[in-house]
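[1] Structural data only, the sequence is not supplied:
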């Protein structure tokens, strides 16, 4: 019986073995390409989700800032539209947003470094306002209405109020910081889509 050089044991040929290896290599390559593509897509979706969370946080703070404006105007005009309970709720909401800022700070480091500085400044402003509202609540419970924690821009312009720590002074810093954070996150989202 003559031995065929092209036929190996069990009927396998050299061409068949090479073809099997090629098919396995192509399947492995396609599998790796699929894994890499899926990984890229997941990273992009994660980054977009983080950017959306940053934008939502800044939007919520900006919305809360409009309530703070109403509060400062109410106090300035000697209106009694805000009860101590409303101020407590406002302080509670501020503290929650400030605390979420810890997570947002980490998120902004991952998603958009430039917004991180604004996030830190915004957290600081929220802390200051929450502390001032706490003081306002305590003073109100002890001696009645105290308006010195909230002043108008005209009053802040006077020399005597230049260094006075007021809700209004901190409140006016919120919207520019929120806008900066939202603009940076939106730029990154737009850049990533293109």
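    Great, that's in hand. Treat the numbers as computed from the prediction; the structure is a model and nothing was measured. Residues are numbered from 1 along each chain as shown.

[2] show me what contacts the most centrally placed residue in the chain?
    Taking C-alpha atoms, centre = their mean, the centroid of the chain lies closest to residue 54, which sits 2.2 Å from it. Residues in contact with residue 54 (C-beta atoms under 8 Å, 6 or more residues apart in numbering) are 104, 107, 108, 111, 112, 115, 119, 181, 182, 185. C-beta here means a position set from N, CA and C on the backbone, and glycine is covered the same way.

[3] so which strand or helix has the first one?
    With elements delineated by DSSP states H and E, residue 104 resides in helix 84-111, which encompasses its position.

[4] mind putting the contacts of residue 54 in TSV, pLDDT, neighbour count and distance to residue 33 included?
    Shown next, in TSV, are the contacts of residue 54 (pLDDT from 0 to 100; neighbours: other C-beta atoms under 10 Å; distance: C-beta to C-beta, whole Å):
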residue	pLDDT	neighbour count	distance to residue 33
104	87	25	35
107	78	23	30
108	77	26	32
111	63	24	26
112	66	22	29
115	77	28	34
119	88	25	37
181	90	28	37
182	90	20	36
185	87	26	31
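
[5] need the helix or strand of the chain with the lowest average pLDDT.
    Counting by mean pLDDT, DSSP states H and E, the chain has its least confident helix or strand at helix 153-157, which shows a mean of 50.

[6] mind listing what's buried in the helix or strand that residue 183 is a member of?
    In this assignment (DSSP H and E), residue 183 forms part of helix 167-193. By neighbour count on 16 or more other C-beta atoms under 10 Å, the buried set for helix 167-193 is 167-174, 177-178, 180-182, 184-185, 188-189.
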